[in-house]
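Participant: one predicted model, sequence on top.
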Amino acid sequence: MKARDRVAVTALRSALAAIDNAEAVGGTPTKGMAIEQSPVGVGAAELPRRELTAEQVEEIVRAELAERADAALGYERRGQAERAAQLRDEIAVLAKALGDRE
């Protein structure tokens, strides 16, 4: 962000959002409870977030890479080379973050 690299910021924010979504827990803590048994107060109904392993995080980022590669191909087919190039630049940023040489 300090380097003002918009491509890197976009790619990394998107990957972090995907990881954040994967850590979110679905469902409600009050399922099956009567209303009088429901938790009350700020944060009372919060559930702990899932903790992802390094392998799970890597899998999410690799899925982001694949998604961008597919989208870039689609943009190229539609003649939108500039958008395809931007996605390929994002792929390079994420691959570098993983330590790949793609």
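Facilitator: Okay, I see it.

Participant: burial of residue 16, as a residue count?
Facilitator: 12 (other CB atoms under 10 Å). C-betas here are computed from N, CA, C, even on glycine.

Participant: contacts only, for it.
Facilitator: Taking CB atoms under 8 Å, 6 or more residues apart in numbering as the contact definition, residue 16 lies against nothing.

Participant: that one: what secondary structure?
Facilitator: helix (DSSP: H, G, I helix; E, B strand; the rest coil).

Participant: from the chain's centroid, how far away is the helix or strand bottoming out on mean pLDDT in the chain?
Facilitator: Lowest on mean pLDDT, DSSP states H and E among the helices and strands of the chain sits helix 6-23, with a mean of 93. Centroid separation between helix 6-23 and its chain, computed with CA atoms, centre = their mean, to the nearest Å, is 5 Å.

Participant: so after that helix, what's the next helix or strand?
Facilitator: Remark: after helix 6-23, the chain's next helix or strand is helix 54-77, criterion DSSP states H and E.

Participant: now do the buried residues in the helix or strand that that next one is followed by.
Facilitator: Proceeding C-terminally, helix 54-77 gives way to helix 81-98 as the next helix or strand, assigned by DSSP H and E. Within helix 81-98, the residues that count as buried by 16 or more other CB atoms under 10 Å are 84, 86, 87, 88, 89, 90, 91, 92, 93, 94, 95.
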